[in-house]
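J.: Model the structure of this input:
(one chain, ligands or ions: 1)
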Amino acid sequence: MSITGIKGMNDILPGEVETWQFLEEQARHIFGTYGFSEIRVPVVEKTELFCRSIGETTDIVEKEMYTFNDKSNNSLTLRPEGTAPVMRSFIQNKLHTKDPVAKLYYTGPMFRYERPQKGRYRQFHQIGAEVIGIEDPKIDAQVLTMLSHYFDAVGIEDVELQLNSLGCPECRPAYRQALIGFLEARLEALCDDCRRRYQTNPLRVLDCKATGCKEATAEAPSVLDHLCGGCDEHFSKVQGYLVDVGTPFTINARMVRGLDYYTKTTFEMVTNSLGSQNAVAAGGRYDGLIKDLGGPPLPGIGFAMGVERLVLMKGDKRIEPSRPDLFLAALGDEAANYSFALMSRLQRQGLHAEMDYEGKSLKSQLRRANKLQARRVLIIGGDELARQEAQLRTMETGTQETLSLEGIEKFLLSGLTPAL
Ligand code: HAM
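T.: Okay, here's the model as predicted:
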């Protein structure tokens, strides 16, 4: 029996990969205009990095990490997300000593042992961006505007930017306590999972999909009513700047995030078109994370988009593979050798050219040209070669013209008709 790939880990095949490349190229281009540079970090890190940053009681750390011991018995983990590795690298390479502000982006595979379904995989890909070193709420608005700009640029509509604030170590404990108190009075109505975690991770209960939990928490206290003066002012300013620059958003005070490092602004780009996997991108501020990981006390904010979900949302507006500009159909060995050399010269000069390598009949070569959706076919037979001529067929119109082989290269590259 042949060996298959791993459940929840997908191949990205020709025909699909063009949309991936488009989404990645647009990110490079757009993030570049906002001053971001790419950073590449390994896919494997010490397990401790994720436990300390994402949080011991989160779903990711509790049950979703691909953790293993290497041959030296070090506990390693396939990265479930990109923020912690980027912060680890920022600290380790002392990037703040080179520039007090870092704007970094990354793309690549992430790994979570989740139950696979549409839009949820075990190996998935993120395009993420992080800004380190700026506390001003203008940068929150800038990051959100860049995210919104990206969605416009790649033509993904039907998304809504939802905003919340999760407060800071000063105000969150009081909110947590208020929420635990509220949940305690409604334990009966909660699902087993939530009854187990309402003390360790009460915010997560607000995100539970179980009907009982949803109903029981409908009137739960709002985090926004518990923000301290500083967090409240920060959140108002973020909204003000977003209005100023015309970036649309809504407030969702029930939005909680599945990672513990967030402070103040959090957000999700959500859609109704992907079923329960409704977040296409998500992120927020993490002002304590760099210090918690042993670095300088610098604030940070960022987001990550799920590329598979972006591709799903592109739907039938996917990017088509490139079509050959020219298919060279040769008849006989001599013509094939001539065509092969011509094709190689054209390719070097940037023309997408193809030919047949098996000496097939003209009919069969034309069939292949059709299958490849070649725009033009250059037909060279033995007699034609002797006369230094060739037939150029434009596939769309079916028109055919006789051309001189002299100067044909220039013509094929420029579209000019060489004199016969
Ligand atoms: P996250 O919400 O865990 O945040 O993931 C971000 C995005 O990755 C999600 O909105 C979703 O589009 C995609 N995603 C997550 N899990 C899966 C999965 N199993 N299959 C397919 N797509 C998935 C983070 O990862 C944070 N590091 C984001 C961030 C950056 N916060 C600050 N900076």
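
J.: Ile134 contacts Gly302, correct?
T.: No: when contacts are counted by Cβ atoms under 8 Å, Ile134 is not listed as touching Gly302 (11.4 Å). In short, each C-beta sits where N, CA and C put it, glycine included.

J.: who has more neighbours, those two?
T.: Comparing Ile134 with Gly302 by other Cβ atoms under 10 Å, the one with more neighbours is Gly302, at 23 against 19.

J.: The closest residue to the ligand within the stretch 101-250 of the chain - nearest residue in space that isn't next to it in sequence?
T.: The stretch 101-250 of the chain approaches the ligand most closely through Phe124 (3.4 Å), counting by Cβ to the nearest ligand atom. Nearest-residue entry for Phe124: Glu308, 5.3 Å, with adjacent residues in sequence omitted and distances by Cβ to Cβ, 6 or more residues apart in numbering.

J.: what's near enough to touch the one you found?
T.: The contact partners of Glu308, by Cβ atoms under 8 Å, 6 or more residues apart in numbering, come to Asn10, Gly119, Tyr121, Phe124, His125.

J.: which SSE is the fourth one in?
T.: Read that as Phe124. Using DSSP states H and E, the element containing Phe124 is strand 123-132.

J.: What mean pLDDT does that strand get?
T.: Taken as a whole, strand 123-132 has an average pLDDT of 98.

J.: can you count the residues close to the nearest residue to Val223 once chain neighbours are set aside?
T.: Excluding its sequence neighbours, the residue lying closest to Val223 (Cβ to Cβ, 6+ apart) is Tyr175, at 5.4 Å. Using other Cβ under 10 Å, the number of residues around Tyr175 comes to 21.

J.: so the helix or strand following the strand holding Phe124 versus strand 123-132, what angle?
T.: Per DSSP H and E, the first helix or strand lying C-terminal to strand 123-132 is helix 137-153. Per axes from the mean of the first three to the mean of the last three Cα atoms, to 10 degrees, the angle that helix 137-153 makes with strand 123-132 is 140 degrees.

J.: my read is Tyr105 is in a strand, agree?
T.: Yes: under DSSP: H, G, I helix; E, B strand; the rest coil, Tyr105 sits within a strand.

J.: Next one, pLDDT for it please.
T.: Confidence for Tyr105, expressed as pLDDT, is 98.

J.: How about the one 5 residues further on?
T.: If you check Met110, the pLDDT there is 98.

J.: and what of the one 3 residues further on?
T.: Confidence per residue is given as pLDDT, and for Tyr113 that number is 98.

J.: So for it, what's the nearest residue that isn't a sequence neighbour?
T.: Beyond its immediate neighbours in the sequence, the residue positioned closest to Tyr113 (Cβ to Cβ, 6+ apart) is Glu64, lying 4.8 Å away.

J.: Run a quick neighbour tally on the closest residue to the ligand within the stretch 301-420 of the chain.
T.: Taking Cβ to the nearest ligand atom as the measure, the point where the stretch 301-420 of the chain comes nearest the ligand is Gly306, at 2.4 Å. Using other Cβ under 10 Å, Gly306 has 24 other residues around it.

J.: swap in Arg28?
T.: The tally of other residues near Arg28 (other Cβ under 10 Å) stands at 13.

J.: gap between the closest residue to Asp70 other than its chain neighbours and Phe124?
T.: Of all residues not flanking Asp70 in the chain, Leu76 sits nearest, at 5.5 Å (Cβ to Cβ, 6+ apart). The spacing between Leu76 and Phe124, counted by Cβ to Cβ, to the nearest Å, is 19 Å.

J.: the more surrounded of these two?
T.: Residue environment comparison for Leu76 versus Phe124 gives the larger neighbour count to Phe124, 21 against 17, counting by other Cβ under 10 Å.

J.: picking up where we left off before, can you pull the contacts of the residue nearest to Tyr113?
T.: The neighbours of Glu64, taking Cβ under 8 Å, 6+ apart as the test, are Pro80, Arg112, Tyr113, Glu114.

J.: quick one: which of those is most hemmed in?
T.: Of all these, the highest neighbour tally under other Cβ under 10 Å goes to Pro80, namely 24 neighbours.

J.: Counting by contacts, list what the helix or strand hosting the residue nearest to Asp70 packs against.
T.: Take DSSP H and E as the rule and Leu76 turns out to sit in strand 75-78. With contacts defined as 3 or more Cβ pairs under 8 Å, 6 or more residues apart in numbering; DSSP states H and E, the packing partners of strand 75-78 are strand 44-46, helix 47-54, strand 66-69.

J.: just so I know, which of those lies nearest the ligand?
T.: Each of these was checked against the ligand via Cβ to the nearest ligand atom, and the shortest separation belongs to helix 47-54, namely 8.3 Å.

J.: Identify all contacting residues around that closest one.
T.: Applying Cβ under 8 Å, 6+ apart, the contact partners of helix 47-54 are 60-61, 65, 67, 75-77, 79-81, 83-85, 87-88, 259-261, 289, 292-293.

J.: same question, stretch 321-340
T.: The contact list for stretch 321-340, computed with Cβ under 8 Å, 6+ apart, reads 14-15, 18, 342-343, 346, 351-356, 359, 362, 365-366, 368-369, 372-382, 384-385, 412.

J.: Could you rerun that using 6 Å?
T.: When contacts are taken as Cβ atoms under 6 Å, 6 or more residues apart in numbering, the neighbours of stretch 321-340 outside the stretch itself are 18, 343, 351-355, 365, 369, 372-382, 385.
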